Structures are given as structure tokens and as C-alpha cells.
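Engineer: Would you be able to build a 3D model of this:
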Amino acid sequence: MAETKKKYTYGLGRRKAATATARLYKGKGEITINNKPALEYLSDNKTYLAEITDPLALAGKQKEYDITILVKGGGLAGQVDAIKLAISKALVTEAPDLRPMLKKAGMMKRDPREKERKKYGLRSARRREQFSKR
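Structural biologist: Predicted coordinates for the structure are as follows:
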């Protein structure tokens, strides 16, 4: 019954309405997102897969870690950005000397832009009815 638990490094990333948690394990470079292979979850979009692996490629550690990611909320593009930030944060926790390189590449920064709420009396957040002089 003695279960051997793998050691992992944790990172959390957010973007728009998406939240991603990444766990880095020592391994061969497999990435799973919500218990599916990464390419299957991203609906065979190799551009998104390349964007997710950017922090690993920059650090030169693509084949060193197995990554499991849990992501919820938002759309696919927001989820990809959240995953990228989560992986970057986990990498920095594992190896703090990578922080300046990742920071310079802009991977340690959360993008704060969110959808603006709709205001009463308007059609959407800022769109009004057309003004008629006569």
C-alpha cells in the first residue's frame, strides 16, 4: 500500500477567464492537458502547441520534464496563454537562474486585459444608439 508519490514543481497561470495549473515532473517531455495528450486537447493546432512549449524551448529543457496541466474557463487562446505562464512560473520555481531570461522574453508577465462589462443604457460595453440631431 506504500504509494510512491512523484515530486513535482507547481505553477499557476491566468489569462482572461482561463486558469491553468502546471505540474512539472522529471521525465521525457510528455505534455498532458486535462488528462488528454496536448495535441489532441488543442485540436491538432501545432501553433498553440509551439506557444505552450516556448518557455521550455527558451530554457532548452523540452525533453527534461513531463508536464500535467489542468485548465478551466475561457476559450482556447486564453487557455494557451494561461498554460504558458503556468509553465514559466513552474520552471522558475525549479531553476531560479532562468528567471531573467524568461522575464526578458516576456513570459513571466500576466496579461491583465479582460472583457469590459456591459453598462446599462448601452448596447454593449461602450456602443451607444446612433445619435440623431433631427
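
Engineer: Which secondary structure element is home to the residue nearest the centre of the chain?
Structural biologist: The chain has Ile83 as the residue nearest its centroid, 1.7 Å off, counting by C-alpha atoms, centre = their mean. Ile83 is located in helix 76-94, with elements delineated by DSSP states H and E.

Engineer: mind listing what's buried in that helix?
Structural biologist: 78-92, 94 (16 or more other C-beta atoms under 10 Å). For glycine as for every other residue, the C-beta is placed from the backbone atoms N, C-alpha and C.

Engineer: any idea which of those is least confident?
Structural biologist: Least confident of those in the model: Glu94, at 90.

Engineer: circling back: quick check, nearest of the buried residues of helix 76-94 to Glu114?
Structural biologist: Gly78 (9.9 Å; C-beta to C-beta).

Engineer: That closest one touches Ala17, doesn't it?
Structural biologist: Yes. Counting by C-beta atoms under 8 Å, Ala17 is a contact partner of Gly78 at 6.3 Å.

Engineer: Lys109 versus the residue nearest to the centre of the chain, what's the distance?
Structural biologist: 15 Å (C-beta to C-beta, to the nearest Å).
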